[in-house]
Structures are given as structure tokens and as C-alpha cells.
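J.: Fold the following for me, if possible:
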Amino acid sequence: MSSSDSSSTVSCSHTGRQTVGIPTRCWCGSKLTIFGASTKENLFRRFHCCGIGVKRKTEQHLFKWVDEAIVDKISIVDAKHCHLKADVDSFKSYTTQTLEKQAKHLDDALIQIKRLLDDQTARSGTNNNSISGTDDTLTAKNLAPSGMKPKSPVITIAAAAIALGTMAWLYTKLST
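T.: Alright, predicted model coming up:
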């Protein structure tokens with residue numbers, strides 16, 4: 001291949017216009033066709049060109065070797081792949097950090113619930129963890145958001161356990 005043939009994109013009259021990837025239309029607006037070269041240096045090498053460009057070699061029409069067009073397209077796809085991988089890795093890192101923060105918050109809430117239940121049990125002097133004896137425990141200012149009716153500690157603990165299990169499952173899926 002000579003130095004003039006190694007250029008990835010040239011027009012039929014070598015104006016220096018460039019297209020990236022696999023072209024579909026010529027600069028004149030015509031659809032491109034794949035032809036085979038008949039020169040000694042590039043015998044049977046395939047190229048993109050419109051029918052007008054093949055007939056009128058003195059005019060400026062798109063000319064691009066097929067193999068170089070494919071290499072361009074592969075480079076474009078590779079760059080998109082790398083960008084997408086970076087986005088996925090960033091999302092994975094952000095999600096992992098968020099889930100770890102939520103898990104820590106749930107652990108703190110469970111510890112606080114356990115302390116409140118232990119305090120309630122110690123004050124009542126019994127080891128019975130019935131729902132009727134814990135209504136005043138759940139009205140603590142840190143457990144029930146304003147405007148919401150407090151729930152039993154068993155439901156709260158079960159919901160926290162389900163949330164923690166879901167986060168662990170998501171973390172496992174995202175880390176593999």
C-alpha cells in the first residue's frame with residue numbers, strides 16, 4: 001500500500017474531506033455502493049463510493065476503503081464501550097456507598113429499638129415482650145416520624161430485617 005492509499009478517508013479527487021466510521025451517503029447525496037479496486041497496488045480491495053464518483057473521477061465524491069471504515073467503526077464502538085463501563089462502575093460505586101450508609105443507619109435504628117425495648121422491659125419488671133406493653137415505647141421521638149402512627153416493634157424490626165436483606169442481596173448482585 002502506498003502512502004496515498006493509507007489515508008483512511010479521501011475523496012475521489014483527494015480533497016481531504018473525512019468521514020468517520022462506515023459511510024452511507026456521498027457528499028453529493030447519492031447512496032454509496034461498495035466497489036472493488038482494479039489498480040495494481042490495491043487489486044480487488046473494496047471501497048465505498050457513489051456511482052457518480054466512479055464514473056466521474058475528476059469530481060469530488062466520497063471515497064473510503066471498506067477495511068479502514070470497519071476499523072473506524074470498531075474504534076467508535078470501543079470508545080463507547082469504555083465510556084459505558086466507566087458509567088456503570090461509577091453507578092456501582094455510588095450505589096454501594098449509599099447501601100452501606102443505609103445499612104449503618106438501619107443498624108443504628110435496630111440498636112436504638114433494642115435499647116428502648118430493654119428499657120421498657122426493665123421498667124415494667126417483666127420479660128414479656130407483648131405488643132400491648134410497648135405502645136408507649138414506640139412513641140419515642142426518634143422512632144416515629146411526625147404525623148405517622150407508631151407501629152409495634154416486631155413489625156419495625158421485621159421491616160428493618162427485610163430492608164437489610166434486600167440491601168445485602170443488591171450488594172451481592174452489584175459486586176459480581
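
J.: Okay, now the unreliable bits of this structure?
T.: 1-17, 125-151, 176 (pLDDT under 70).

J.: What segments of it are helices?
T.: Secondary structure of the chain (DSSP state H): helices at 51-55, 66-124, 153-175.

J.: Gln18 is nearest to which of those helices?
T.: Of all these, it is helix 66-124 that lies closest to Gln18, at 9.7 Å by CB to CB. Where C-beta positions appear, they are placed from N, C-alpha and C, glycine not excepted.

J.: Tell me the helices and strands packed up against that closest one.
T.: strand 46-50, helix 153-175 (3 or more CB pairs under 8 Å, 6 or more residues apart in numbering; DSSP states H and E).

J.: rerun at 6 Å
T.: In terms of contacts (3 or more CB pairs under 6 Å, 6 or more residues apart in numbering; DSSP states H and E), helix 66-124 is packed against helix 153-175.

J.: Which residues does stretch 86-105 contact?
T.: Stretch 86-105 is contacted by residues Met167, Tyr171, Leu174 when judged by CB atoms under 6 Å, 6 or more residues apart in numbering.

J.: before we move on, what about stretch 26-45?
T.: Ser2, Pro23, Arg46, Phe47, His48, Cys49, Cys50, Ile52, His61, Leu62.

J.: among those, which ones are buried?
T.: In those, burial by neighbour count holds for Pro23, Phe47, His48, Cys49, Cys50, His61, Leu62, counting by 16 or more other CB atoms under 10 Å.

J.: give me the number of residues near the nearest residue to Leu170 once chain neighbours are set aside?
T.: Excluding its sequence neighbours, the residue lying closest to Leu170 (CB to CB, 6 or more residues apart in numbering) is Leu99, at 6.3 Å. For Leu99, the neighbour count with other CB atoms under 10 Å is 17.

J.: Can you tell me how far Leu99 is from Trp65?
T.: 50 Å (CB to CB, to the nearest Å).

J.: can you check Phe35 too?
T.: In terms of CB to CB, Phe35 sits 11 Å off from Trp65.

J.: and those two? which has more neighbours close in?
T.: The neighbour count for Phe35 versus Trp65, taken as other CB under 10 Å, is higher for Trp65 (21 against 17).

J.: Spatially central residue for the chain, please.
T.: Val88 (3.8 Å; CA atoms, centre = their mean).
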